[in-house]
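Chemist: quick check, what structure comes out for this input:
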Amino acid sequence: MPLLDPPLAKQTFQQVLERIRAWYGCYISGYVVMPEHVHLLISEPERSKLSVAIQMLKQITSHELHTKHIPQFWQVRYYDFPVWTEEKRIEKLRYIHRNPVKRGLVAKPEDWKWSSFVHYSTGAQGIVEIESQWTARRREQAGAVLPARAHPPAKNAGRVGQPYFERVLWR
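Modeler: Coordinates of the predicted model:
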């Protein structure tokens, strides 16, 4: 069901995503809100587990959209894909941003207001803070010091740094 189709529903999702990003301390590299699902390119949060942050995102969104008449707004499970390399991160961002075009909702990615594409193409700040070179530059100009990551990688991970995860939340 396209419960995220109305513009107000998409905007509400963006507002809740920003609250979750700020509260749990995760980085959002990209997102798109589609009529019946959402793609997120998100880091592990500094507070709690990613599954808890996603659970809160789902709960608050469904509550804010007053969906009591619908037995289940979100599907219980979501699909995730760990993204460890810059090449894969760019591939996922392109996929996310092109999703509305592929579906025939708009002619160009910049025409879809409910994604991170405009931030990447212009540097404009939207409802959701996007972790990008634009954001880093703004922090540097403001004299802000980036906090150290609270969660080092697992000793058996075999990787350096934090992965981003592409999450697909289905309505």
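
Chemist: so for stretch 118-126, mean pLDDT?
Modeler: Here stretch 118-126 scores 90 as its mean pLDDT.

Chemist: repeat for stretch 22-37
Modeler: 93.

Chemist: quick one: low-confidence parts of this structure?
Modeler: Along the chain, the model assigns pLDDT under 70 to residues 67-68, 144-171.

Chemist: would you map the helices across it?
Modeler: 7-24, 50-64, 86-102, 117-122, 133-142 (DSSP state H).

Chemist: what sits up against the shortest one?
Modeler: Identification of contacts with helix 117-122 by C-beta atoms under 8 Å, 6 or more residues apart in numbering yields 30, 32, 93, 97, 109-110, 124-126, 130, 132, 134. C-beta coordinates here come from the backbone N, C-alpha and C atoms, glycine included.

Chemist: that older thread, of all the helices of the chain, which lies closest to residue 78?
Modeler: Among the helices of the chain, helix 50-64 comes nearest to residue 78, with 6.4 Å by C-beta to C-beta.

Chemist: before we move on, back to that, closest to residue 39 out of the helices of the chain?
Modeler: Ranked by C-beta to C-beta, the member of the helices of the chain that lies closest to residue 39 is helix 86-102, at 4.5 Å.
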